[in-house]
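got a predicted structure here, sequence first:
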Amino acid sequence: MERNKVRVTIAGVNYSLITDETAEYTNEIAAEIDSKMKELQGANPFMSANQAAVLVAIEFADKARKSEQTAEGYRAQIKDYLKDASEAQTERDFYKRELDRVRTEAKAKSNQMNLFTPQTDAQ
């Protein structure tokens with residue numbers, strides 16, 4: 001993957017980042033962090049940039065963990081759905097074979113009955 005060098009500004013401080021992500025994506029993330037830090041500092045003018053950065057980091061870490069837990073829940077749910085689908089397919093195959101067996105048996109009984117049915121000759 002191509003590495004990109006991206007310059008961003010967060011809380012008035014310039015950073016040079018080397019990332020695998022696109023410049024657009026990296027700038028979006030930086031802008032989101034900058035916005036959240038400004039929001040926090042605007043609500044509490046005595047908050048330092050370091051304190052705001054820590055609170056933003058905690059918020060992002062919380063979102064990341066909750067997203068991972070949600071994804072794990074979805075993976076478990078998909079695994080259950082796949083298991084149910086496999087069991088349904090196995091059951092369908094069983095009944096398909098059973099239907100074929102019953103049809104074959106019915107045809108054999110029908111042929112057997114025809115042996116004992118009197119035949120009329122067409123004149």
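Nice, thanks for sending it over.

other SSEs contacting the one helix or strand in the chain whose mean pLDDT sits lowest?
With mean pLDDT, DSSP states H and E as the measure, the helix or strand of the chain carrying the lowest mean pLDDT is helix 49-116 (a mean of 94). Using 3 or more C-beta pairs under 8 Å, 6 or more residues apart in numbering; DSSP states H and E, the elements in contact with helix 49-116 are helix 23-43. Every residue, glycine included, has its C-beta placed from N, CA and C.

any idea how far the helix it packs on is from the middle of the chain?
28 Å (C-alpha atoms, centre = their mean, to the nearest Å).

next, the angle from it to helix 49-116.
130 degrees (axes from the mean of the first three to the mean of the last three C-alpha atoms, to 10 degrees).

what packs against helix 23-43?
strand 4-10, strand 13-19, helix 49-116.

highest mean neighbour count out of those?
strand 4-10 (a mean of 15; mean count of other C-beta atoms under 10 Å).

pull the residues that contact that strand.
14-23, 26-27, 30, 33-34, 37 (C-beta atoms under 8 Å, 6 or more residues apart in numbering).
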